[in-house]
Each structure stands twice: as C-alpha cells, then as structure tokens.
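[1] Pasted the sequence and its predicted model underneath.
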Amino acid sequence: MIVEDTKKVKYSEIDQPDITGVRMKVLLGSDEGAPNFVMREFAIESGGHTAYHTHEWEHEVYVLDGEGAIKQGDREVPVKRGSFALVKPNEEHQFLNKGKGTFRFICVVPFHT
C-alpha cells in the first residue's frame, strides 16, 4: 500500500504547443507500482488551457479547486470544485481555466502505449 501527501510531489511545467499555463504532477503511476492506471494532478493558471485534442483512452476527472470548463466542439461545460467528469475515448476535449485563481483537478487515465 502507498499513502502519501500530494504536497510532497512536485509539479512539472508542461511546455508543448497549444498549452498555456499548465503544470502536472504524477501522484501514482508505474514508478509507484500502479499496474493499470496513472493518477495525475493538474494545475491550470488563470487564462490557461490544455491543447484541444483526442486519443484512444478515457479521462476520469475530479475537480479540486477553481473554476474551469471542459470544451468539446462548440460547447464548454462549466466545472468547479466537487465536479467530476468522464471524457470517453476518442472524444475531442480541452480543459480551460475560467476563473481568477488556479484550476486544479485530478485526472486518472489507464496506462497506454
């Protein structure tokens, strides 16, 4: 069993095209011995966003703090602390910060190749 405090895990800046103001830390993954899933925490600064993209695996998301939206096509679905979401495989999506503070959420994805 692994039990840890998220404050002990450091964020890494994500420096990729079409991504603005996004940091991520892996809470549980293969390095910690998790066999099937990766649990990540994202922090998106005010005005920031992930890339608009799609892939073959799902996202399971739980919002910790802040106000954001999940974009799909022309629609933006608002999310806030306590919201949860499932982004299904092959669904186009983007996470956006819509508030003044940091938008933080947990994102769980299966291991993929």
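    Cool, got the structure.
[2] Give me the residues contacting stretch 41-56.
    With Cβ atoms under 8 Å, 6 or more residues apart in numbering as the test, stretch 41-56 has contacts from 6, 9, 11, 16-25, 27, 64, 66, 68, 71, 89-97, 99-107, 112. Every C-beta, even on glycine, is put in place using the N, C-alpha and C of the backbone.
[3] Tell me who's in contact with residue 94.
    Residue 94 neighbours (Cβ under 8 Å, 6+ apart): 49, 50, 51, 52, 53, 70, 71, 72.
[4] Out of the residues you listed, which comes closest to residue 31?
    Within those, the smallest distance to residue 31 is 22.6 Å, found for residue 50 (Cβ to Cβ).
[5] Now do that closest one: how many residues are near it, please.
    Residue 50 has 23 neighbours, counted by other Cβ atoms under 10 Å.
[6] Nearest residue to it in space, please, no chain neighbours.
    residue 95 (4.6 Å; Cβ to Cβ, 6 or more residues apart in numbering).
[7] After the longest strand along the chain, which helix or strand is next? Please name it.
    Counting by DSSP state E, the longest strand found in the chain is strand 37-49. The first helix or strand that comes after strand 37-49 along the chain, using DSSP states H and E, is strand 59-65.
[8] Low-confidence regions, this structure specifically.
    112-113 (pLDDT under 70).
[9] Strands of this protein, residue ranges please.
    Using DSSP E, strands in the chain cover 12-13, 20-28, 37-49, 59-65, 67-72, 75-80, 84-87, 94-97, 103-110.
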